[in-house]
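**Q** here's a sequence, model it:
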Amino acid sequence: MTQLASRNFIIKSAPVYGSGVFLAIWLYSHIAQSVYVSLYFDGFIANGPFQLFNPLRRIANGQIAGVDFQFFHGLGVPFLHYPLFALFGKSLFASELSRNLTSLICFISSLFTFGFVVTKHNIKKAIYFTVSAICLLEFLSLEKVDSYGLALATPGNSLLGVRAIFPIFAFAALLSRSSLLLKAFVTGSLFAASLLFGTEHGLSLIVSFIIVNGLAILRALIKNRKIAILDNSGLSWKFQIAVLLAFVIALILIFGATTGFSEISQVLKYNLIEVPSDQFWFFGAPPNDYARSLADFTQLSWRGIILLIAVILWLSACVCRFFFIQPSFVTNDQITLTHMLCYGLMTCASCLGMLEKGYLLPMIRIFVLAILVQLFKEDYVRVFVSQLRNKNPLFLKPVLLIYSLLIITFFTTIIFVSVKRLPPICYLPGDQVSPQLSILWNKHFSQIDNALLFHFRENKKYKIWSTYSGLLEERHQIFHPKDDYIIHALGDRRRKSYISAFCSYQADVVQTLRRSHFIGYTQNRDYEQWLRNTTWGFYEEVLNNYQVLTATDRSILWVRKPAQWVSPDEHYEAIPIASDAHSLEIPVPKTENNLFLLVIKLQYRISNPWKSVPIIGGLPRHLVKLNNAANCLPISLSPYQQEAHFPITVKPGVNPTLFFETKSLLPGASMSVDSVSYKLVRLTEDQKVFLYD
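**A** Sure thing, here's the model as predicted:
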């Protein structure tokens, strides 16, 4: 009897303790890696770490979000990270710890909360749910086994895991059994939070909610047939109105509290108009990959594409079952599941802007959660075992054995992956005390400090302007007078304002990044040339008014020339061009013996019948490709402008050729070039590094 009791205890407790051990090892591997990369900092000088560190510094300085600064991915993201940033000391290392740990905390808490609701507040089952979700996400993940960690649990380059977290809480609220009024208030508030913490995910959540519930109600009205609701919400139009009303109120309150109720309209304009207007032609253009045809989507990930197709088929089945076959009853769970799948599909719209497999990850998480909702809420496993016991008892033990082996294999594999991710025990070089910058970062600042000390002597107070502000500004305790990143000056108005502010500020020191550093750090993507192509007005102001002080392996440091500010020369030499020309050869001066710089002024017209349609209106890319030039990156033309200025680095004795073309998934878009002219920009000897790097 005692042995039987012990065996039953082991059988019942083994899953609990096994799940606990698995969760502990998995969490430890991520926490250890987070601490390692945070305390021994070797982050990229552009994007990534400083995209969060800059606004955190501004908040600590008392600046107002939406007034003194904007945040590219959702204004609430820095505030979510601020508590840990303040707790750890408000330094770069504190920012990195917060960046890594907040992503992990959000990931785990969202899975557990969702599982807790699905399992009807059963903590043990919620743990099983969380562990199952982690296992499935690890097996379905798109990154390599030896990666830093599970992508949605780590900050990555753009904090995708955090930005996509509040929709998970919103779905948990929709699945909950709370009263209609409370559920509507919580759900609407979470919709507003989703928009604040991740603009594109908040929009996908709200639009999918309106589409799914709207279709269901519309179908019922068309058929003039009332659908029975088996729980406390389902298709209640009053509930949906209450959710949307709570969303509007919460949106005003949350955004108002964040911005001090002074610039709500400006924040919404930046996130809903200015950022989307540049999502396709600016970010979704060379050197980034974009879809020219449907076949190009296979570049993302075959695993991701298969899962995307699975979501489309599942969503189609849900729509057909509940909205077209017209059942006599539906449940809230069925509607919410359809809403989840619709949201997951809509999040993949970002792939239309830029082919990036990371954009598929929120959809994959939704797919996993939808599967687990079916397994845990409907209890399919228990039903299957019961049916097997009643109909075929002989097969029960072999089936359970196979099931147990699969579970053990899952656990063992993920534990192996987690252990493999652990950083080395002794990772700090020499006897330096952590936290510390990497050797390469210290070398970079040693060169900069020596050059600045030599040039400015004892004067340590000077104005600095960086295309990507970060550690240099932090070391001198100053703040960028405009957008911290040049890529955040989006839209025609804000981009012009950025250049105008630079001319007015007349910084003593300017820092631009080296092409070689970008190329080496981003898998051969020439992002510095991309910036020169799309924001040439800024670089021409630099060349006219600054000379090179020093060049580190990461950046070029410029200092003001001892002269009055010089504006760009507006004298261009026109080149005849036919009205229907698709290419044009540029006649260049024959007197140059080395690489030299030409600036092209292009006047063009764009025709796009889809321009008023959201998302797909931005699909056409209008490009200028270069031949016989030292810089070969195609130039992407803005769809809301009619004139572009961009540089060409010309080889001596060779005439470069421009090719004009439009690439789009949809037909009908075209571009015509009205005029082309050029001018020669002469560089001083010290500025020649700009041509080569």
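**Q** can you give me the pLDDT of Tyr148?
**A** Listed pLDDT for Tyr148 reads 70.
**Q** next, count neighbours for it.
**A** Using other Cβ atoms under 10 Å, Tyr148 has 19 other residues around it. No exception for glycine: its C-beta is placed from N, CA and C like everyone else's.
**Q** for it, what are its contacts?
**A** Residues in contact with Tyr148 (Cβ atoms under 8 Å, 6 or more residues apart in numbering) are Gln33, Val37, Thr154, Arg421.
**Q** tell me which of those residues fall in helices.
**A** Among the contacts of Tyr148, DSSP state H puts Gln33, Val37 in helices.
**Q** okay, who's weakest in the contacts of Tyr148 by pLDDT?
**A** For these, the least confident entry is Arg421, with 71.
**Q** how about that residue: what's its closest non-neighbour residue?
**A** Ser29 (4.7 Å; Cβ to Cβ, 6 or more residues apart in numbering).
**Q** check which helix or strand that neighbour maps to.
**A** For Ser29, the element it lies in under DSSP states H and E is helix 2-39.
**Q** neighbours of the nearest residue to Ser277 once chain neighbours are set aside, how many?
**A** Excluding its sequence neighbours, the residue lying closest to Ser277 (Cβ to Cβ, 6+ apart) is Gly491, at 5.4 Å. For Gly491, the neighbour count with other Cβ under 10 Å is 19.
**Q** just the pLDDT for Gly491.
**A** 86.
**Q** swap in Leu174?
**A** pLDDT, read off for Leu174, is 92.
**Q** please apply the same query to Leu205.
**A** 94.
**Q** and what of Gly156?
**A** Gly156 is assigned 82 on the pLDDT scale.
**Q** check Trp530 too.
**A** Trp530 is given a pLDDT of 94.
**Q** what about the residue nearest to it when sequence neighbours are not counted, helix or strand, and which?
**A** Nearest residue to Trp530, sequence neighbours excluded (Cβ to Cβ, 6+ apart): Pro287, at 5.6 Å. Under the criterion DSSP H and E, no helix or strand holds Pro287.
**Q** what about Pro287, distance to Leu549?
**A** As defined by Cβ to Cβ, to the nearest Å, Pro287 lies at a distance of 28 Å from Leu549.
**Q** swap in Leu137?
**A** Taken as Cβ to Cβ, the span from Leu137 to Leu549 is 48 Å.
**Q** Gly149 now?
**A** Distance from Gly149 to Leu549, by Cβ to Cβ: 39 Å.
**Q** list the contacts for the residue nearest to Gln687 when sequence neighbours are not counted?
**A** Nearest non-adjacent residue to Gln687, counting by Cβ to Cβ, 6+ apart: Val548, 5.8 Å away. Applying Cβ under 8 Å, 6+ apart, we find Val548 in contact with Ile556, Leu557, Trp558, Asp686, Gln687, Val689, Phe690.
**Q** next SSE downstream of the host helix or strand of Val548?
**A** Taking DSSP H and E as the definition, Val548 sits inside strand 546-551. Next helix or strand after strand 546-551 toward the C-terminus (DSSP H and E): strand 555-560.
**Q** what's the first helix or strand after that next one?
**A** strand 573-575.
**Q** mind checking the pLDDT average for that following strand?
**A** 92.
**Q** again with stretch 311-325
**A** 82.
**Q** roughly how far out does that stretch sit from the chain middle?
**A** Stretch 311-325 sits 29 Å away from the centroid of its parent chain (Cα atoms, centre = their mean, to the nearest Å).
**Q** any idea how many residues pack against Leu215?
**A** 16.
**Q** does it belong to a helix, a strand or coil?
**A** Secondary structure assignment for Leu215 (DSSP: H, G, I helix; E, B strand; the rest coil): helix.
**Q** wouldn't it be in contact with Val319 here?
**A** Yes - taking contacts as Cβ atoms under 8 Å, Leu215 lies within contact range of Val319: 7.3 Å.
**Q** Leu623: which element?
**A** Applying DSSP H and E, one finds Leu623 within strand 621-627.
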